[in-house]
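Colleague: What follows is a predicted protein model with its sequence.
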Amino acid sequence: MPDFKEFSLPTSGEKITVDQNGNLQVPNNPIVPFIEGDGTGPDIWAAASRVLDAAVEKAYNGEKKIAWYEVFAGEKAYNTYNSWLPEDTLTAIREYLIAIKGPLTTPIGGGIRSLNVALRQELDLYVCLRPVRYFEGVPSPVRHPELVDMVIFRENTEDIYAGVEWQSGTDDVKKILKFLQEEMGVKKIRFPETSGIGIKPVSVEGTERLVRSAIEYALTHKRKSVTLVHKGNIMKFTEGAFKNWGYELAEREYGDKVFTWAEYDRIVEAQGTDAANKAQADAEAAGKIIVKDSIADIFLQQILTRPAEFDVVATMNLNGDYISDALAAQVGGIGIAPGANINYVTGHAIFEATHGTAPKYAGLDKVNPSSVLLSGELLLRHLGWDEAADKIMASIEKTIASKVVTYDFARLMDGATEVKCSEFADELIKNL
Ligand SMILES: NC(=O)C1=CN([C@@H]2O[C@H](COP(=O)(O)OP(=O)(O)OC[C@H]3O[C@@H](n4cnc5c(N)ncnc54)[C@H](OP(=O)(O)O)[C@@H]3O)[C@@H](O)[C@H]2O)C=CC1
Ligand SMILES: O=C(O)CCC(=O)C(=O)O
Ligand SMILES: [Mg+2]
């Protein structure tokens, strides 16, 4: 039993557990904590959870059912428990393993740090998994959105996102600047008197567990390649090291299952380009995963110009943040971009949409609930409830094809019928 300070215990359902091999043991009525979220969170959660329940009911005729259990973070937590992130919320997710959340507000500049990032850090959810695929009929700014089928593995615990930073003008930043200038001989800070300073930790362990997860996923899902995206030409000991450690891990742990561009370069050096091209072609023909890399700026161009060349993508926290929203735009926008934060060792996971709280639409019953719904679909698949997940996918395809859509798609689609967030959920349930 979880030792809650303030929350009441769930009134129904059973715990999901994880066995010694890291496999989830899922009862038929698993307790799944949810955080409604700020801004548009309550609208999209109300809509998405109805569809999730209906899909499970339809797939299993009442034999399986999720026992949703509300936990709190953000404004609702602050108003009810006088805390932005009550300890009980973390206790509940630690206990029940798998949770889902709506978006939470983070003030810019001052104020509280991101609760979204805090949840990932507290539970050490080191993978941010964000699949990006196209649904036929969704309006897109590119000519061939159907060529986008990528799965982003974004490192979730390190990088400039770790929150190690000091504000301009404070005593703390002066201490850091003094240390850098006097003890480390740093002369490159252009305006030291007014600089804020941020630190970007990138470790061997952090890189390896992320890249390992990406390669495992590529092998399990029979994907063709894993691309390590970095800015290693400029930040050599963080982003460059990520690339090198990624290649080393791939060759050391998956030697017979992958072909890396590091290997390609060694063959070029020893035997020339033709031999290297042949080695890569042979590896592809043998079904090996090609582990390659791309510098982040050109990567952002190439996902637009040649998306078919990219498959699984492994990258650091900030790059992954930018890439997620850019790729989402290619397949119709952030209204249809799901995600999950996962620790594959402990089994803990929090599913959440890629987008934020979209505050201008809060309470209007307007925005697209698909991102949080598709995050729920990922959750169902994670539980092994593929039949329900498949029904959701089929229903989204059917509903979009019928051009009954929320404002974000309707404004770009000829002949669309615009419906509210809740009405879109009704339509999805009808089409299950
Ligand atoms: N994981 C999380 O909880 C995240 C939280 N945030 C936080 O959210 C807050 C707002 O961030 P902001 O930068 O405005 O980004 P948002 O993602 O919240 O919104 C930006 C724009 O994206 C579109 N959009 C967002 N959600 C949907 C949806 N469900 N359906 C259709 N369109 C959608 C809207 O576009 P349009 O205006 O064109 O209609 C909206 O104005 C900030 O506090 C930020 O820190 C941000 C990202 C992730
Ligand atoms: O936590 C936040 O406010 C933003 C996080 C974010 O943009 C993301 O994780 O994609
Ligand atoms: Mg983001």
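Modeller: Everything's here; your move. Ligands and ions are numbered 1, 2, ... in the order given.

Colleague: Skip the chain neighbours and tell me the closest residue to whatever residue of the chain ends up closest to ligand 1.
Modeller: Nearest to ligand 1, among the residues of the chain, is Gly356, at 2.2 Å (Cβ to the nearest ligand atom). For every residue, glycine as well, the C-beta is placed using N, CA and C. Nearest residue to Gly356 in three dimensions, chain neighbours excluded: Pro103, at 4.7 Å (Cβ to Cβ, 6 or more residues apart in numbering).

Colleague: now Gly347
Modeller: Closest to Gly347 by Cβ to Cβ, 6+ apart is Val18, at 3.4 Å.

Colleague: for that neighbour, phi and psi?
Modeller: Here is the backbone geometry of Val18 (degrees, to the nearest 10): phi -130, psi 130.

Colleague: picking up where we left off before, OK, contacts around the residue of the chain closest to ligand 1?
Modeller: 39, 103, 105 (Cβ atoms under 8 Å, 6 or more residues apart in numbering).

Colleague: Pipe those residues into a markdown table and attach neighbour count per row.
Modeller: Listed next are the contacts of Gly356 as a markdown table, based on neighbours: other Cβ atoms under 10 Å:
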| residue | neighbour count |
| --- | --- |
| Gly39 | 23 |
| Pro103 | 27 |
| Thr105 | 20 |
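
Colleague: residue boundaries of the helices in the stretch 51-200 of the chain?
Modeller: Secondary structure of the stretch 51-200 of the chain by DSSP state H, counting those that start in this stretch: the helices cover 75-81, 87-96, 115-122, 171-178.

Colleague: Which pLDDT value belongs to Ala388?
Modeller: Looking at Ala388, its pLDDT is 98.

Colleague: ok, back up a step: what distance do you get for the residue nearest to Gly356 to ligand 2?
Modeller: Distance, Pro103 to ligand 2, using Cβ to the nearest ligand atom, to the nearest Å: 8 Å.

Colleague: same thing with Val345?
Modeller: Noted for Val345: a distance of 21 Å to ligand 2, by Cβ to the nearest ligand atom.

Colleague: and stretch 39-55, does that touch ligand 2?
Modeller: No: Stretch 39-55 is not in contact with ligand 2 by Cβ under 6 Å from any ligand atom; minimum separation 11.0 Å.

Colleague: With adjacent residues omitted, what lies nearest to Ile44?
Modeller: Going by Cβ to Cβ, 6+ apart, Ile44 has Pro369 as its nearest residue, at 4.1 Å.

Colleague: again but with Pro42, I slipped
Modeller: In this structure, Pro42 finds its nearest non-sequential neighbour in Glu36, 5.2 Å apart by Cβ to Cβ, 6+ apart.

Colleague: give me the number of residues near that neighbour?
Modeller: 23 (other Cβ atoms under 10 Å).

Colleague: thinking again about what came up before, residues contacting the residue nearest to Gly356?
Modeller: By Cβ under 8 Å, 6+ apart, Pro103 lies in contact with 37-41, 116, 352-353, 355-358.

Colleague: same thing but at 10 Å, please
Modeller: By Cβ atoms under 10 Å, 6 or more residues apart in numbering, the residues touching Pro103 are 35-41, 44-45, 74, 115-116, 352-359, 371-372.

Colleague: got it, and Lys391?
Modeller: 51, 54-59, 377, 380, 385, 428, 431-432.

Colleague: could you redo the last one with a cut-off of 6 Å?
Modeller: Shown in contact with Lys391 (Cβ atoms under 6 Å, 6 or more residues apart in numbering): 55, 58-59, 432.

Colleague: do the same with Phe310
Modeller: Taking Cβ under 6 Å, 6+ apart, we find Phe310 in contact with 150, 227.

Colleague: Quick check: the gap between it and Met1.
Modeller: 46 Å (Cβ to Cβ, to the nearest Å).

Colleague: try Phe409
Modeller: Counting by Cβ to Cβ - Phe409 and Met1 are separated by 45 Å.

Colleague: So if I had to pick from those two, which one is more boxed in?
Modeller: Phe409 (24 against 6).

Colleague: what sits up against the one helix or strand the more buried one maps to?
Modeller: Assigned by DSSP states H and E, Phe409 belongs to helix 407-410. Where contact means Cβ under 6 Å, 6+ apart, the residues beyond helix 407-410 that reach it are 139, 333, 335, 366, 368, 416, 418.

Colleague: please redo it, this time with the cut-off set to 8 Å
Modeller: By Cβ under 8 Å, 6+ apart, the list of residues contacting helix 407-410 reads 138-139, 332-333, 335, 366-368, 400, 416-418.
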